[in-house]
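Peer 1: I'd like to go over a predicted model; first the sequence, then the structure.
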Amino acid sequence: MMSIFIFALLFGHAIAFSIQSEMSPLKLYGSQGSRSPLVSWYLHELELPFDVVGRDNSNPHPFGQIPCLVDNNVGTSVFESGAILIYLATQYGTFQNEKERGDTLSWSVWANASLDPVLFKENERGQVIGTGAGQENRRLRGLDTHLEGKNYLATSDRFTAADVAVGAYLLYVPQFFGPKASFKMYPNIASYMKRCASRDAYRKAYPTETDGILSIVSGYC
């Protein structure tokens, strides 16, 4: 059984390597100051070739916004960061089983639908004016409980697209608000944030921001 499992892993990696070596680079419309780098993070995790394109008239997003991903290998485009992560996970990622697939999709959507409104408080014009981090919150407490004894979100405890979705949003808090917004009251989240920010692919996506973020996050732990 173990030899079959090892063969399956190696065979899967061989297929992935073949796809990556033959595919055309994906095109990511985005900028460093937007949410596009979280897509770059996952693209680096998957080791997929891609080019970043600034705002221009060729962006197929119906409202001209970023991020937007164009995949000419299959002739499609995807917008909204969560949708892009899910697309990449299902098109180019791997799942150990259907449970891991379900976990990945669920937590990726949860990041946008439930975590974002907690972390980023907006005024009536949609401008971010504060954060709910550092305060007692039911969703954050639930996430902290879920992460107890775990490295990553999925039941398999493997790093997945869900960790990019959730981890990136959490890590935007120290990036934008500095040390005043602390996660010390959520020790499992704090450790999780440090784990995510310490990944090589994260540093590739946030090359000038990572050291400062890690310095702040280390103060939570």
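Peer 2: Yep, that arrived.

Peer 1: And whichever strand or helix holds residue 86, what does it pack against?
Peer 2: Element membership for residue 86, per DSSP states H and E: helix 81-92. Contacts defined by 3 or more Cβ pairs under 8 Å, 6 or more residues apart in numbering; DSSP states H and E place helix 81-92 against helix 36-46, strand 68-71, helix 98-110, helix 161-177. Heads up, the C-betas are built off the backbone N, CA and C, glycines and all.

Peer 1: Just send those back as JSON lines, with distance to residue 219, mean neighbour count and mean pLDDT too.
Peer 2: Compiled in JSON lines, these are given as follows (distance: least, Cβ to Cβ, whole Å; neighbours: other Cβ atoms under 10 Å; pLDDT from 0 to 100):
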{"stretch": "helix 36-46", "distance to residue 219": "22", "mean neighbour count": "24", "mean pLDDT": "97"}
{"stretch": "strand 68-71", "distance to residue 219": "34", "mean neighbour count": "24", "mean pLDDT": "97"}
{"stretch": "helix 98-110", "distance to residue 219": "26", "mean neighbour count": "18", "mean pLDDT": "96"}
{"stretch": "helix 161-177", "distance to residue 219": "9", "mean neighbour count": "23", "mean pLDDT": "96"}
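
Peer 1: Could you save the ones you listed as JSON lines and add columns showing distance to residue 195?
Peer 2: What follows is these, written out as JSON lines (distance: least, Cβ to Cβ, whole Å):
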{"stretch": "helix 36-46", "distance to residue 195": "14"}
{"stretch": "strand 68-71", "distance to residue 195": "26"}
{"stretch": "helix 98-110", "distance to residue 195": "15"}
{"stretch": "helix 161-177", "distance to residue 195": "8"}
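
Peer 1: closest to residue 143 out of the ones you listed?
Peer 2: Among the helices and strands packed on helix 81-92, the nearest to residue 143 by Cβ to Cβ is helix 161-177 (7.5 Å).

Peer 1: ok and that closest one relative to helix 36-46, angle-wise?
Peer 2: With axes from the mean of the first three to the mean of the last three Cα atoms, to 10 degrees defining the directions, helix 161-177 sits at 140 degrees from helix 36-46.

Peer 1: Enumerate the positions of the next helix or strand after helix 161-177 that are buried.
Peer 2: As assigned by DSSP H and E, the chain's next helix or strand after helix 161-177 is helix 187-197. By neighbour count with 16 or more other Cβ atoms under 10 Å, helix 187-197 contains the buried residues 188-197.

Peer 1: Would you check which pair of these lies furthest apart?
Peer 2: For the buried residues of helix 187-197, the maximum inter-member distance is 15.1 Å, found between 188 and 197 (Cβ to Cβ).

Peer 1: any weak-confidence spans in this protein?
Peer 2: 1-21 (pLDDT under 70).

Peer 1: Pull up the gap between the residue nearest the centre of it and residue 121, please.
Peer 2: When Cα atoms, centre = their mean is applied to the chain, the residue found nearest the centroid is residue 164 (1.8 Å). To residue 121, residue 164 is 23 Å away according to Cβ to Cβ, to the nearest Å.

Peer 1: And for residue 134?
Peer 2: The value you get for residue 134 to residue 121, if Cβ to Cβ is used, is 12 Å.
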